[in-house]
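A.B. asks: sequence and computational prediction follow.
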Amino acid sequence: MTQPTIPVPEPDEASKPFFDGAAAGRLMLMRCADCHTWRLPARQHCDVCLSDRYTWEASSGRGHVRTFGIMHQRYHPAFQVPYNVTVVELEEGPRLPTNLLDVANDEIRVGMPVEVVFERHEDVTLPRFRPIREL
Amino acid sequence: MGHPLRGAAAITGLGMTPMGRVYKSTNELAAEAVAKAIADAGLKKDEVDGLLINAGITGTTGGGLTLGLQNYLGLRNLRLLNHMNAAGSTAAQMVQYATMAIHAGMATHVVCVFADAPLKEGTSAGAAYGGAARNPQRPRGMAGLYAAAGYFGANTPYALAARRHMALYGTKQDHFGIIAVGQRRWASMNPLAQMREPITLEDYHNSRWIIEPLHLLDCCLVSNGAVAVIVSPARRASEMPQPPVYIHGMGQGHPGDSGRAGSEWETETGARFAAETAYRMAGVGPSDFTQCQIYDCYTYTVLVTLEDYGFCKKGEGGPFVEDGKLGPGGTLPTNTGGGELSAYYMWGMTPLSEAIIQGRGHGGERQVKNDLILVTGNGGSLSYHACLILSPHPA
Ligand SMILES: [Zn+2]
């Protein structure tokens, strides 16, 4: 019997640099070429100045937990409840929905420093995060 | 001189269907509510010259109201017609646009109607709003990051918002629970309410987690049903059969979310500036309200909205509600019909319909002082917000 798999996005033309970057171990963001505001892909226009000129640049991959929830409702058979649903705010500013790895649900805190790790799912690589632990 | 819209119009008709597992089409539900509202207002159908329509979740998932409702209702030669959607803020917004149109001389009696029928026989309430999780298609592009993280349903963003408030301000699970318990006490006095069995704070804590920090009893119901409201010129209202409920003020606030550092969408809602507009129009402040009907898709929504209307300082919503002041016998009766948590979920029509019942003095054993009523609506994960200030007294 095969395990159900999580719903993995299918990259489209606009998001291809993001998913290609993830496969190569880089968290790629878009950055306005005029006002230099970072944004989460994929959108043609900067939401600050409405410029359509942009570059793709790699994020540091570091950020913090903006907020999180612990999901108990079984919406999809591939997700073992309870699991965390986390919004990470990157150092560059953009926030993204993700999951934290290597941390117990009751140890997650708002503001906790985290760093990106990449998780391969067949043909697509997804960014996940784990706490940055002081050595 | 007061604001020209202050007291310009009044709510003169209210029609409601039974709520809950009522298996009818949205057109049928809407027609039943509209017929009741027209009769309630003592009007003939051809006196209605405006129709504003709000489909609920079925507007997105299928089977929702469309502009075709005009012909289903057989309304001819309308001078005002639109199909509106700003999520849970739409009900208040429909009354706002009706008031402005009436004041501008564009229409006289405007029907504002909401109908929804997400509950299907043999399916759970949760399935009605689960959305993406059951989509067999592989999600395309960046939007797929949500499903890939197991970020499903309307519950998730509200859980994230509530968590942020707890982390910033020390808001406790008990604070949410006290809101749920108080509203259930109100619902026990409302014959229209779906959930009338009293609950304790212990019951609240024992109710299953949906997504921490939200228990089942933090989340609104899912209902089939319809509500229709008629807005008329204030000068006509006093000659109509029902006690008029005058519209003293209104406002909107839609803060937007940049999706990056700087956005505080979780804890600072558009209610802050909707309040400014509405208070200025009505010439009132938070201490003037004798009751509130606050959009309550989740317990947290009540708490954060009361903060943003200035009933207490930002972050102090938890301690503010702690003494049970929102419940029966409290100093700020709120959601006196049980709200969306315990009575029925008709989006923004839930708080609006209860405000009309209370404004008329028809609340029966749950009737409280009705001199000034705050009605709010929000939606889109706290993105959209609108309010009305209502009173049985002319401006
Ligand atoms: Zn820019």
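C.D. replies: Good, I have the coordinates. Residues are numbered from 1 along each chain as shown, chains lettered A, B, ... in the order given.

A.B. asks: what's the end-to-end length of stretch B:141-160?
C.D. replies: End-to-end distance for stretch B:141-160: 23 Å, by Cα to Cα, to the nearest Å.

A.B. asks: and that stretch with chain A, contact?
C.D. replies: Yes - Stretch B:141-160 is in contact with chain A by Cβ under 8 Å from any Cβ of the partner chain, via B:141-153, B:155-156, B:159-160. Any C-beta I mention is one placed from the backbone N, CA and C, and that applies to glycine too.

A.B. asks: name the SS class of residue A:34, please.
C.D. replies: coil (DSSP: H, G, I helix; E, B strand; the rest coil).

A.B. asks: isn't it up against residue A:52?
C.D. replies: No - Residue A:34 is beyond contact range of residue A:52, at 9.3 Å (criterion: Cβ atoms under 8 Å).

A.B. asks: which residues are common contacts for the two?
C.D. replies: residue A:46 (Cβ atoms under 8 Å, 6 or more residues apart in numbering or on different chains).

A.B. asks: need the strands for chain A, in chain order.
C.D. replies: Taking DSSP state E to define them, one finds strands in chain A at A:28-32, A:38-39, A:54-58, A:62-71, A:83-90, A:95-98, A:113-121, A:124-131.

A.B. asks: same check on chain B?
C.D. replies: Under DSSP E, chain B gives strands at B:9-16, B:50-55, B:80-83, B:110-116, B:209-212, B:214-215, B:225-233, B:245-252, B:291-293, B:373-379, B:384-391.

A.B. asks: enumerate the residues of chain A near the ion.
C.D. replies: Within chain A, the positions lying close to the ion (Cβ under 5 Å from the ion) are A:32, A:34, A:35, A:37, A:46, A:48, A:49, A:51.

A.B. asks: of all these, which comes closest to residue B:365?
C.D. replies: The closest of the residues of chain A next to the ion to residue B:365 turns out to be residue A:48 (Cβ to Cβ; 54.0 Å).

A.B. asks: how many neighbours does the closest one have?
C.D. replies: 14 (other Cβ atoms under 10 Å in any protein chain shown).

A.B. asks: where does the chain dip in pLDDT?
C.D. replies: Because you didn't say which chain, this covers chain A. Residue ranges of chain A with pLDDT under 70: A:1-2, A:135.

A.B. asks: look at chain B instead
C.D. replies: B:1, B:130-136.

A.B. asks: so what's the residue in it positioned nearest to the ion closest to, chain neighbours aside?
C.D. replies: Residue nearest to the ion within chain B: residue B:258 (11.7 Å; Cβ to the ion). The shortest distance from residue B:258 to any non-neighbouring residue, by Cβ to Cβ, 6 or more residues apart in numbering or on different chains, is to residue A:47 (6.2 Å).

A.B. asks: now do the contacts for the closest residue to residue A:12 other than its chain neighbours.
C.D. replies: Distances taken as Cβ to Cβ, 6+ apart place residue B:141 nearest to residue A:12, at 4.2 Å, with adjacent residues excluded. Neighbouring residues of residue B:141 by Cβ under 8 Å, 6+ apart: A:9, A:10, A:11, A:12, A:14, A:15, A:42.

A.B. asks: could you flag which of the residues of stretch B:141-160 next to chain A are buried?
C.D. replies: Buried residues within these, counting neighbours by 16 or more other Cβ atoms under 10 Å in any protein chain shown: B:141-142, B:144-153, B:155-156, B:159-160.

A.B. asks: in helices, which of those residues fall?
C.D. replies: If you go by DSSP state H, these have B:144, B:145, B:146, B:147, B:148, B:155, B:156, B:159, B:160 in helices.

A.B. asks: want to throw those residues into TSV with distance to the ion?
C.D. replies: Below are those laid out as TSV (distance: Cβ to the ion, whole Å):
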residue	distance to the ion
B:144	25
B:145	23
B:146	25
B:147	29
B:148	28
B:155	34
B:156	29
B:159	32
B:160	27
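
A.B. asks: of those, closest to residue B:167?
C.D. replies: residue B:160 (10.7 Å).

A.B. asks: hmm, residue A:65 and the closest one touching each other?
C.D. replies: No - taking contacts as Cβ under 8 Å, residue B:160 lies outside contact range of residue A:65: 10.6 Å.

A.B. asks: overlap of the contact sets of these two?
C.D. replies: By Cβ under 8 Å, 6+ apart, the residues touching both residue B:160 and residue A:65 are residue A:87.

A.B. asks: the residue of chain A found nearest chain B and residue A:28: what is the separation?
C.D. replies: Using Cβ to the nearest Cβ, the single residue of chain A nearest to chain B is residue A:9, 2.5 Å away. Distance, residue A:9 to residue A:28, using Cβ to Cβ, to the nearest Å: 14 Å.

A.B. asks: related to what we said a few turns ago, could you measure from the residue nearest to residue B:258 over to residue A:8?
C.D. replies: Residue A:47 sits 27 Å away from residue A:8, going by Cβ to Cβ.

A.B. asks: which one of the two is surrounded by more residues?
C.D. replies: residue A:8 (19 against 13).

A.B. asks: who's in contact with that one?
C.D. replies: By Cβ under 8 Å, 6+ apart, the neighbours of residue A:8 are A:121, A:122, A:124, A:126, B:138, B:144, B:148.

A.B. asks: and the second one, how many residues sit next to it?
C.D. replies: Just to be clear, that refers to residue A:122. Residue A:122 has 7 nearby residues by other Cβ under 10 Å.

A.B. asks: the residue nearest to the spatial centre of chain B bridge partners, please.
C.D. replies: Centroid-nearest residue in chain B, with Cα atoms, centre = their mean: residue B:348, separated by 2.3 Å. Using DSSP bridges, the beta-bridge partners of residue B:348 come out as residue B:346.

A.B. asks: interface residues of chain B facing the ion?
C.D. replies: Counting by Cβ under 5 Å from the ion, no residue of chain B sits close to the ion.

A.B. asks: gap between the residue nearest to the centre of chain B and residue B:238?
C.D. replies: From residue B:348 to residue B:238 the distance is 26 Å (Cβ to Cβ).

A.B. asks: in chain B, which residue sits nearest chain A?
C.D. replies: residue B:144 (2.5 Å).

A.B. asks: hang on, that residue packs against residue B:138?
C.D. replies: Yes - in this structure residue B:144 lies within contact range of residue B:138 using Cβ under 8 Å: 7.5 Å.

A.B. asks: name the residues contacting each of the two.
C.D. replies: Joint contacts of residue B:144 and residue B:138 (Cβ under 8 Å, 6+ apart) are A:7, A:8, A:9, A:10.

A.B. asks: from these, list the buried ones, please.
C.D. replies: In the shared contacts of residue B:144 and residue B:138, the ones that pass as buried (16+ other Cβ under 10 Å) are A:7, A:8, A:9.

A.B. asks: thank you kindly, that will do.
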